[in-house]
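>>> Give me the fold of what follows.
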Amino acid sequence: MAYRFVLKISSLLFLIAGLAILAYTTWQKDYKITAFLVIFTLLGCIGMVLSMIHKSIRNFYELFTSIEMDDFSQNFRFQNTLPIHLQKSLQDVFQKFQKIRLEKEAQYLYLQSVIQHIPVGIFSVCPESKVDFYNTKLLSILRCSPFKKLDDLPECYASLITIIQQEKATKQLVRLLVEEEVLELVITVSKIQISGKNYTIVALQDFQAELEEKEMDAWQNLTRILTHEIINSVTPIVSLASTISENLKESPDDIEDSKQAIEVIEKRSKNLIHFVQEFRAFTKLPTPKPQNIILKEVFERLHTLISKELEEKNIHFICKIHPEGLLLYTDLMMLEQILINLLKNAIQAVLPKDDRCIVMDAHTDHLGKVIIRVQDNGVGISDDAKKSIFIPFFTTKKTGSGIGLSLSRQMMRVQGGTISVHSVLSEGSTFTLRFS
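Next up is the predicted model:
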């Protein structure tokens with residue numbers, strides 16, 4: 001195959017040599033016009049050879065530049081400026097590079113997809129504290145905006161940065177105070193070296209959220225068993241007590257005390273069934289039916305609902321929504337039930353105070369997530385009570401089932417949201433609903 005290219009080049013060289021000799025001969029014999037024509041033809045042949053050389057050099061330059069810049073989007077054709085077999089070999093080499101590049105890109109996209117679906121926040125730190133990559137779960141856990149360097153993180157993450165910058169690998173629990181909420185995170189730091197460069201791989205797991213989820217599952221199972229066993233035991237008692245009561249009514253000679261005792265048993269049994277049925281709702285929440293909700297309308301309805309009680313108890317109530325037309329995609333019935341529970345708790349919390357105030361606020365954070373807060377200036381919650389207020393049946397009130405806050409947390413969880421509390425004794429409490 002190469003002989004054709006060699007023949008072409010050889011023919012051009014012989015032609016150039018022949019034309020040079022002919023030009024010299026005609027010029028010596030004083031055939032000026034013929035000599036000029038031959039010279040122009042000679043220059044054309046030389047130009048053709050130089051053009052072939054130039055095209056070959058340009059194609060080689062573009063080929064090697066593409067390889068150097070890792071750009072394999074072009075297709076190179078040497079336009080017969082090289083032997084056919086050499087052209088084909090170069091094309092095969094370039095296509096091989098293209099294939100390797102595409103395979104690497106496909107593998108990179110696959111790994112990126114895997115990282116994004118990991119339920120753990122993960123990111124890599126290059127030298128000089130530059131962040132190489134991170135997944136969206138990380139931003140959700142840290143509740144921060146995208147960042148390119150560790151120094152871009154707010155001051156509240158200082159202890160986290162200190163752990164990451166340590167020279168040794170570690171795994172430990174870290175507590176951060178972010179937006180008045182305590183985050184308990186398990187951090188795992190690994191050190192690796194690639195191509196002479198040191199990298200730090202960091203994994204973050206929301207320890208508190210995982211713990212709450214397991215705790216909630218345990219309480220649901222316990223409640224389900226209790227309700228099943230109690231109802232199965234109490235129902236026959238109610239039926240039997242009702243039958244005996246009817247018999248006693250028909251037989252006036254029977255002892256009156258026995259009749260009264262049986263009536264008490266019947267009444268208490270019915271109350272017990274009603275009590276257990278309320279707890280059954282905790283384990284049988286309906287499937288959420290989310291819809292776009294205008295929060296201003298929800299706040300207005302709730303204000304109307306409790307306005308009489310607020311007036312009677314001299315409580316100042318403030319509603320804040322920013323922006324005014326803020327929308328929330330969630331289950332309306334669940335949202336209203338959660339807010340009613342929080343407002344009722346807030347009303348009871350401020351009663352011992354003279355200057356009573358409750359604030360219900362809705363806005364979006366820097367990630368565009370909707371945040372609703374119910375704040376009061378009441379008596380506050382002790383540190384010990386804060387650890388247990390979301391546990392079913394726990395209550396600090398003399399009258400209360402202890403189901404409201406635990407039910408509220410479950411309703412938030414089934415919609416992918418969270419509920420948290422920040423409280424200071426004698427200063428008040430703030431309950432925060434964070435929607436995904």
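
>>> Now do the closest residue to residue 310 other than its chain neighbours against residue 419, distance only.
Leaving out its chain neighbours, the residue that sits closest to residue 310 by C-beta to C-beta, 6 or more residues apart in numbering is residue 317, at 5.2 Å. For every residue, glycine as well, the C-beta is placed using N, CA and C. Noted for residue 317: a distance of 21 Å to residue 419, by C-beta to C-beta, to the nearest Å.

>>> Likewise for residue 377?
For residue 377 relative to residue 419 (C-beta to C-beta), the value is 20 Å.

>>> Quick one: mean pLDDT over the helix or strand hosting residue 359.
If you go by DSSP states H and E, residue 359 is part of strand 356-364. Per-residue pLDDT values across strand 356-364 average out to 95.

>>> go on, stretch 45-62?
Averaging pLDDT along stretch 45-62 yields 76.

>>> Next, the buried residues of it.
Residues of stretch 45-62 classed as buried under the neighbour-count rule (16 or more other C-beta atoms under 10 Å) are 45, 52, 59.

>>> Next: stretch 11-23.
Buried-residue list, stretch 11-23, by 16+ other C-beta under 10 Å: 16, 19, 22, 23.

>>> Look at the nearest residue to residue 392 once chain neighbours are set aside and say how many residues are nearby.
Nearest residue to residue 392, sequence neighbours excluded (C-beta to C-beta, 6+ apart): residue 406, at 4.2 Å. Using other C-beta atoms under 10 Å, residue 406 has 25 other residues around it.

>>> still on that earlier bit, could you dump the strand holding residue 359 to PDB, C-alpha only?
Output in PDB follows, covering the C-alpha atoms of strand 356-364 (Å, rounded to 0.1, in the frame of the first residue of the first chain):
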ATOM      1  CA  ARG A 356     -47.600  35.900  76.900                       C
ATOM      2  CA  CYS A 357     -46.600  35.700  73.300                       C
ATOM      3  CA  ILE A 358     -46.600  33.000  70.600                       C
ATOM      4  CA  VAL A 359     -45.000  33.400  67.100                       C
ATOM      5  CA  MET A 360     -45.700  31.200  64.100                       C
ATOM      6  CA  ASP A 361     -43.200  31.800  61.300                       C
ATOM      7  CA  ALA A 362     -42.700  30.300  57.800                       C
ATOM      8  CA  HIS A 363     -39.900  31.000  55.500                       C
ATOM      9  CA  THR A 364     -37.300  29.200  53.200                       C
END
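
>>> Neighbouring strands - and their directions - for it?
Each strand paired with strand 356-364, and its direction, by DSSP bridges: strand 315-321 (parallel), strand 370-376 (antiparallel).

>>> show me what contacts residue 375?
346, 358, 359, 360, 361, 428, 429, 430, 431 (C-beta atoms under 8 Å, 6 or more residues apart in numbering).

>>> Compare those and tell me which is most surrounded.
Ranking the contacts of residue 375 using other C-beta under 10 Å puts residue 346 first, with 26 neighbours.

>>> quick one: contacts for the residue nearest to residue 310?
303, 306, 307, 310, 357, 358, 359, 360 are the contacts of residue 317 under C-beta under 8 Å, 6+ apart.

>>> for these, which one is nearest residue 270?
Closest approach to residue 270 among the contacts of residue 317 (C-beta to C-beta): residue 306, at 30.0 Å.

>>> Go ahead and list the helix or strand containing the closest one.
helix 295-312.

>>> May I have the strands that pair with the biggest strand by length in the chain, each with its orientation?
Using DSSP state E to define each element, the chain has its longest strand at strand 181-194. Strand 181-194 sits in its sheet next to strand 170-178 (antiparallel), strand 197-206 (antiparallel), going by DSSP bridges.

>>> Need the distance between the two termini of stretch 320-329.
Length of stretch 320-329, first residue to last, C-alpha to C-alpha, to the nearest Å: 19 Å.

>>> Check what contacts it and list those residues.
By C-beta under 8 Å, 6+ apart, stretch 320-329 touches 290-296, 299, 335, 359-364, 370, 435.

>>> Return the set of buried residues in that stretch.
Buried residues in stretch 320-329, counted by 16+ other C-beta under 10 Å: 321, 326, 328.

>>> Could you report the separation of the first one from residue 295?
It stands for residue 321. Distance, residue 321 to residue 295, by C-beta to C-beta: 6 Å.

>>> got any residues that touch both of those two?
Shared contacts of residue 321 and residue 295, counting by C-beta under 8 Å, 6+ apart, come down to residue 362.

>>> For the protein, which segments count as helices?
Ranges of helices in the chain, per DSSP state H, are 2-28, 32-68, 84-117, 136-142, 158-164, 207-250, 256-283, 295-312, 332-350, 383-386, 404-413.

>>> in the third one, what counts as buried?
Residues 87, 90, 94, 97, 115 are the ones in helix 84-117 that count as buried (16+ other C-beta under 10 Å).

>>> That helix relative to helix 2-28, how many degrees between them?
Taking axes from the mean of the first three to the mean of the last three C-alpha atoms, to 10 degrees, one finds that helix 84-117 is oriented at 130 degrees with respect to helix 2-28.

>>> Which other helices and strands does helix 84-117 contact?
helix 2-28, helix 32-68 (3 or more C-beta pairs under 8 Å, 6 or more residues apart in numbering; DSSP states H and E).

>>> For residue 328, which residues count as its bridge partners?
Here residue 328, judged by DSSP bridges, has bridge partners residue 293.

>>> Next, work out how far apart it and residue 298 are.
Counting by C-beta to C-beta, the separation of residue 328 from residue 298 is 8 Å.

>>> Verify the contact between residue 357 and residue 310 for me.
No - with contact defined as C-beta atoms under 8 Å, residue 357 and residue 310 do not form a contacting pair (10.5 Å).
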